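Next one to model:
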Amino acid sequence: DMKPENPHYTMNWAIAGLEIQKAVESQFQSFKDTVDGKLSASMQGAGSSFNPDEIKKKLQLKGDFKVANAVFKTINIAQTANAAITNSLSKISSKVPALQGKKVNVPANKESRYELISSTFTMANGFVDAPNFVAKADVHGVDIKGSTKMGLVDESLDAKWELIDTHRVLGADQLNVANPISGGMINNILAKGEKDPVNFPITVGCKWTAPCPNYTSSAEYLAGVAAGRLAKGLGEGAKSKVQSTVQDAVKKAIGGGGNPLKKL
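Numbering: from 1, shown residues only. Have a look, this model is predicted:
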């Protein structure tokens, strides 16, 4: 409707295989600091005004998107995950002394690339909200799932993600500690189970042009996982030691004759 001072319009789009980098170079400069890859999306919505700044505030959309062969432009997820674990280890070693001095090292040139990034989304009041954001990494990367909210006008970023080391690229699954009772090893202590991938939450704020990761929740979560695994290991070790002691005592009692229970 072109009659009002701020024209009104509705839209229904389908996009397939849009090369984001080429689009950025031609028209969509706002997205130069987000992701690169091939975008496919469907969206429906309405807006008013053809002024770019007003469009960002007034456009309302909902839909879904997928970005294939993607890479983040301003944040290296593998390095961020490495920093989260390193930061967490320094904080939780007081609660879990067995982790004192432990560390992980991701090669400096390690870069997470993604087979697919996807989510449903809504756009309203100048914000894009992707509540079920998922990024599936290739064999060299770290998976992501969670929620992501971006401000189109202020470039703000509010992401609550879970990082999942599905492909074991961080080396965190090699963090093992000795069980002081049984003498055995508690392997992969930062994961819920010995064969599970290491995963942990992070938040990312500031701007999507200059992200600021925060690892407070990472340290709290990993401390709980490690303490739980250690407590379970100690319990199993103690149980094993008691059983062994009882068996030895019974054997000696039986071998010595008389009432084995009385001697035990």
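
Helices of the stretch 151-264 of the chain, residue ranges please.
Using DSSP state H, counting those that start in this stretch, the helices of the stretch 151-264 of the chain run over 216-255, 260-263.

mean pLDDT for the ones you listed: which is lowest?
Least confidently modelled of those is helix 260-263, at a mean of 52 by mean pLDDT.

tell me the mean pLDDT over stretch 89-105?
80.

One more: stretch 144-154?
Stretch 144-154 shows a mean pLDDT of 92.

Just the CA coordinates for that stretch, please, in PDB.
Extracted C-alpha coordinates of stretch 144-154, given in PDB (Å, rounded to 0.1, in the frame of the first residue of the first chain):
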ATOM      1  CA  ILE A 144      26.300 -25.800  19.100                       C
ATOM      2  CA  LYS A 145      22.700 -25.700  20.200                       C
ATOM      3  CA  GLY A 146      20.700 -23.100  22.200                       C
ATOM      4  CA  SER A 147      19.100 -19.700  21.600                       C
ATOM      5  CA  THR A 148      20.500 -16.700  19.800                       C
ATOM      6  CA  LYS A 149      19.000 -13.100  19.800                       C
ATOM      7  CA  MET A 150      20.500 -10.300  17.700                       C
ATOM      8  CA  GLY A 151      19.700  -6.600  17.600                       C
ATOM      9  CA  LEU A 152      19.500  -5.300  14.000                       C
ATOM     10  CA  VAL A 153      19.800  -1.600  15.100                       C
ATOM     11  CA  ASP A 154      22.200  -1.800  18.100                       C
END
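
Go through that stretch and flag the buried ones.
Within stretch 144-154, the residues scored as buried using 16 or more other C-beta atoms under 10 Å are 144, 146, 148-152. C-betas here are computed from N, CA, C, even on glycine.

go on, stretch 14-23?
Applying 16+ other C-beta under 10 Å to stretch 14-23 flags I20 as buried.

what does that stretch contact?
28, 31, 34-42, 67 (C-beta atoms under 8 Å, 6 or more residues apart in numbering).

so what's K136 bridging to?
For K136, the beta-bridge partners under DSSP bridges are L116.

what number of residues lie near it?
16 (other C-beta atoms under 10 Å).

And D1, by the same measure?
For D1, using other C-beta under 10 Å, the count is 9.

quick one, what contacts the closest residue to it other than its chain neighbours?
Spatial nearest neighbour of D1, excluding adjacent residues (C-beta to C-beta, 6 or more residues apart in numbering): H8 at 4.5 Å. H8 is in contact with 1, 46-48, counting by C-beta under 8 Å, 6+ apart.

End to end on stretch 136-151, go ahead and measure it.
Terminal residues of stretch 136-151 are spaced 24 Å apart (C-alpha to C-alpha, to the nearest Å).

For the residue nearest to the spatial centre of the chain, list the residues it contacts.
Centroid-nearest residue in the chain, with C-alpha atoms, centre = their mean: L163, separated by 1.4 Å. Each residue near L163 by C-beta under 8 Å, 6+ apart is listed here: 77, 80-81, 84, 142-144, 199-202.

ok, what's across the strand from it?
Bridge pairing for L163 - DSSP bridges - gives I144, F200.

One more: K62?
Q44, T122.

That one and T120: what is the separation?
Distance, K62 to T120, by C-beta to C-beta, to the nearest Å: 8 Å.

related to what we said a few turns ago, reformat the buried residues of stretch 144-154 as CSV; add distance to K195.
Output for these, formatted as CSV (distance: C-beta to C-beta, whole Å):
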residue, distance to K195
I144, 21
G146, 24
T148, 30
K149, 34
M150, 36
G151, 41
L152, 43
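
residues near D53, how many?
Around D53 there are 11 residues (other C-beta under 10 Å).

Kind regards, and thank you for your time.
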